[in-house]
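Visitor: let's see this in three dimensions:
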Amino acid sequence: MSSGLIYLTLCALVVTTALNLWLVVRLAQKVELIDQSDTPELTLPAGSRLPTIAAHLANDPQVDISLNDIQNAFVILFLSDGCPSCKEVAEEVSEHHSFFQSSNVGLWIMTLRAAPVIRKRLEERGLGRNIIDVSPESLKLLNPKSASPFYIFVNAENVIEAGDFVGDENWNSFVAQIKDEAESQLNI
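Guide: A predicted model of the protein is given here:
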């Protein structure tokens, strides 16, 4: 092999290495920009008013509901067939439904992507009238990342108190509170 060919191969290797390094640096800059961009939150921020949301009962589309006209605190729960833990959450919510009722806290369930399995499970447990449908735009506004099992707490003044995945500290505290309140009402 001639020395000219070796130098040419070495120069080509240096140029491709430099090009590769330049591309890696550019990619790292792009990734950093993406990380810093405004990615949607899981839901509307706590402390904001619930936007106007029109809904109807999933099992009776003739019954319209305006979530903004509800005078009591309520929970919006998002469930999906594609979510393994949603089945467990459906069971938990059906077990606690009487606590919701006795605590005067409303429960509205929205299923993502139709979710016939979850809907059937909820209907079998007497929660069919708690399942509501909203427009795709309203669903995207409330749950932009289609998170599930996910909840939003709304107080009696239609202000969002919290929103996150079921099982977090706020959810667990809420369930404990409604259980305690229901049990205290039974002891009166």
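
Visitor: show me the protein divided up by domain.
Guide: Domain ranges of the chain: 1-39, 54-186, per automatic domain parsing.

Visitor: name the SS class of the spatially most central residue of the chain, please.
Guide: When Cα atoms, centre = their mean is applied to the chain, the residue found nearest the centroid is Ala147 (3.0 Å). Secondary structure, DSSP: H, G, I helix; E, B strand; the rest coil: Ala147 is coil.

Visitor: got a list of what it touches?
Guide: Listed by Cβ atoms under 8 Å, 6 or more residues apart in numbering, the contact set of Ala147 reads Leu42, Thr43, Phe78, Phe165. (C-beta placed from N, C-alpha, C; glycine too.)

Visitor: same deal with Trp171?
Guide: Going by Cβ under 8 Å, 6+ apart, Trp171 touches Tyr151, Asp164, Phe165.

Visitor: can you redo the residues you listed as JSON lines, where the extra columns are neighbour count and secondary structure?
Guide: Putting the contacts of Trp171 into JSON lines (neighbours: other Cβ atoms under 10 Å; DSSP: H, G, I helix; E, B strand; the rest coil) gives the following:
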{"residue": "Tyr151", "neighbour count": "27", "secondary structure": "strand"}
{"residue": "Asp164", "neighbour count": "17", "secondary structure": "strand"}
{"residue": "Phe165", "neighbour count": "16", "secondary structure": "strand"}
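
Visitor: tell me the one among these nearest to Glu123.
Guide: Glu123 has its nearest neighbour among these in Tyr151, at 19.9 Å by Cβ to Cβ.

Visitor: test my guess that the closest one contacts Val166.
Guide: Yes. Using Cβ atoms under 8 Å, Tyr151 makes contact with Val166 at a distance of 5.6 Å.

Visitor: return every residue with contacts to both of those two.
Guide: Shared contacts of Tyr151 and Val166 (Cβ under 8 Å, 6+ apart): Leu77.

Visitor: which non-adjacent residue is nearest His52?
Guide: If you look again at residue 52, you'll see it is Thr, not His. Nearest residue to Thr52, sequence neighbours excluded (Cβ to Cβ, 6 or more residues apart in numbering): Asn68, at 5.6 Å.
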